[in-house]
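A.B. asks: Following is a predicted model, sequence given first.
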Amino acid sequence: MGRGALRAFVSTLLLTLIAVPTAASAPLGSSSLPEVTAYVDVGELGNANVTLVVSGRGSSSFWITLPKFQPVSLCGLKGWYELVNSSSGAYFYYNTTVRVWSPGDGSYELKLCFEFPYAVLMQDDKAWFMSPLLLAPPELSIRVYVKLPLVRNIVRESPISVGQRGGYRLYILSGSAQQEIQGRVIVEYRLERAVPSSSISSEDGVVSVEFPRPYGRFANETLSIAVQAYRELSRLTGVEAPRVVFRYYLPEQQLG
């Protein structure tokens, strides 16, 4: 094992020892609900970095949805914690039990980080944002700070933001909040500048895909599937179209 691999193994082992303590080290006594805050920083290509902050005093135990297919890393810790994943009704998410505590009645703070690709979808001068799923017990409110790129003006949001700070818009998710999609922040907005578009075509030029440039990978996959589907439908029906064009649209409500 090389030095780099050995260092990575040791770092992983130390993180595991901190993150999954033995039953003997678990706190005793009552548990209270913590403060939970999510920071969603979206880059100009629409991909986001998410930081989930859990803070309080003494000890807390609660559940929250965390992504199943994106690595969740520890990016800050004061105190001790434990995460236990279990299946949920949402395919892409776990229902994760979070236990966090501090010796005595001291304060604790846990920071978990993960990536959230394609948080903002863009087309022309329009954009549509959706946060990761942030479901928790109904009595627990989650403060969600969202920083969006290239905002010209907000057209629609759910729930309604309750303020702004340092370039972030603040939303409150809770069991009583009015939300179009439970556990999600949705924002439709206009961009300061239009996103360039492009197109690709099959070798014979019959099938083509028009797409915003940030989504070239999806466009190539769409073209591959569309060409196969077109050939099979033509074989079954005997009908050939002079041209088939696929275009991407946003799941918007107020922008068209």
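C.D. replies: All right, it came through fine. Numbers count the residues shown, from 1 in each chain.

A.B. asks: How about the contacts made by Gln97?
C.D. replies: Quick fix: residue 97 reads Thr, not Gln. For Thr97, the contacting residues are 61-63, 83-84, 86, by C-beta atoms under 8 Å, 6 or more residues apart in numbering. Using the backbone N, CA and C atoms, a C-beta is placed for each residue, glycine as well.

A.B. asks: no no, Ser87
C.D. replies: By C-beta under 8 Å, 6+ apart, Ser87 lies in contact with 94-95.

A.B. asks: still on that earlier bit, now, the contacts of Thr97 that are in strands?
C.D. replies: 61-63, 83-84, 86 (DSSP state E).

A.B. asks: Adding distance to Tyr94, neighbour count and pLDDT, write the residues you listed out as a markdown table.
C.D. replies: Formatted as a markdown table, the ones in strands among the contacts of Thr97 follow (distance: C-beta to C-beta, whole Å; neighbours: other C-beta atoms under 10 Å; pLDDT from 0 to 100):
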| residue | distance to Tyr94 | neighbour count | pLDDT |
| --- | --- | --- | --- |
| Ser61 | 16 | 18 | 95 |
| Phe62 | 14 | 19 | 96 |
| Trp63 | 9 | 17 | 96 |
| Leu83 | 9 | 18 | 97 |
| Val84 | 9 | 13 | 97 |
| Ser86 | 6 | 9 | 95 |
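
A.B. asks: between those residues, which is nearest Arg243?
C.D. replies: Closest approach to Arg243 among those (C-beta to C-beta): Ser86, at 49.5 Å.

A.B. asks: So what pairs up with the closest one in the strands?
C.D. replies: Asn95 (DSSP bridges).

A.B. asks: I appreciate the help and will end here.
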